[in-house]
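Novice: coordinates only, no sequence provided:
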């Protein structure tokens with residue numbers, strides 16, 4: 001492989017790594033938006049519970065408190081777990097990146113979780129004599 005071919009190959013690897021990091025970042029951002037939506041819905045339900053209790057509509061307040069709010073809390077817990085997993089995946093990709101490249105350019109981790117996300121491994125960096 002000539003030096004021009006090696007440079008093109010490295011540029012291609014860098015381009016693919018950037019796309020992988022961007023995709024991971026997009027998934028993390030989507031998870032955070034989902035988390036915010038659930039928290040907003042929980043706030044809305046809590047206000048509705050307070051209004052129902054103030055109006056002595058205790059059946060409606062109980063339905064919201066012990067039905068809807070419980071479901072939202074479960075959804076929130078699941079979303080937080082998914083977000084934590086996404087953050088761990090992105091951090092592992094960044095930590096295990098190639099030492100010659102800045103973290104934002106490389107995501108070639110040997111771990112199976114990152115490999116499944118990145119779907120590529122960087123070739124061996126050994127130089128031939």
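Specialist: Noted; the coordinates are in hand. Note that this is a predicted model, so its numbers are computed, not measured. Numbering: from 1, shown residues only.
Novice: can you show me the helices along the chain?
Specialist: For the chain, applying DSSP state H gives helices covering 3-54, 58-63, 69-95, 112-118.
Novice: could you dump those to a markdown table with mean neighbour count?
Specialist: Yep, even glycine has a C-beta here, placed from its N, CA and C like the rest. Listed next are the helices of the chain as a markdown table, based on neighbours: other C-beta atoms under 10 Å:
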| stretch | mean neighbour count |
| --- | --- |
| helix 3-54 | 14 |
| helix 58-63 | 13 |
| helix 69-95 | 15 |
| helix 112-118 | 16 |
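Novice: any chance of those in JSON lines with mean pLDDT as columns?
Specialist: Formatted as JSON lines, the helices of the chain follow (pLDDT from 0 to 100):
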{"stretch": "helix 3-54", "mean pLDDT": "84"}
{"stretch": "helix 58-63", "mean pLDDT": "95"}
{"stretch": "helix 69-95", "mean pLDDT": "86"}
{"stretch": "helix 112-118", "mean pLDDT": "44"}
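Novice: tell me the pLDDT of the residue nearest to residue 48 when sequence neighbours are not counted.
Specialist: In this structure, residue 48 finds its nearest non-sequential neighbour in residue 64, 5.8 Å apart by C-beta to C-beta, 6 or more residues apart in numbering. pLDDT, residue 64: 95.
Novice: so how many other residues sit close to residue 64?
Specialist: By other C-beta atoms under 10 Å, 21 other residues sit near residue 64.
Novice: how close does it get to residue 37?
Specialist: Distance, residue 64 to residue 37, using C-beta to C-beta, to the nearest Å: 18 Å.
Novice: likewise for residue 62?
Specialist: 25 Å.
Novice: show me what stretch 42-55 is in contact with.
Specialist: With contacts defined as C-beta atoms under 8 Å, 6 or more residues apart in numbering, stretch 42-55 is touched by 58, 60-61, 64-65, 68-69, 72-73, 76.
Novice: any chance of the residues you listed in JSON lines, plus distance to residue 31?
Specialist: Putting these into JSON lines (distance: C-beta to C-beta, whole Å) gives the following:
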{"residue": "58", "distance to residue 31": "36"}
{"residue": "60", "distance to residue 31": "32"}
{"residue": "61", "distance to residue 31": "31"}
{"residue": "64", "distance to residue 31": "26"}
{"residue": "65", "distance to residue 31": "27"}
{"residue": "68", "distance to residue 31": "22"}
{"residue": "69", "distance to residue 31": "22"}
{"residue": "72", "distance to residue 31": "16"}
{"residue": "73", "distance to residue 31": "17"}
{"residue": "76", "distance to residue 31": "12"}
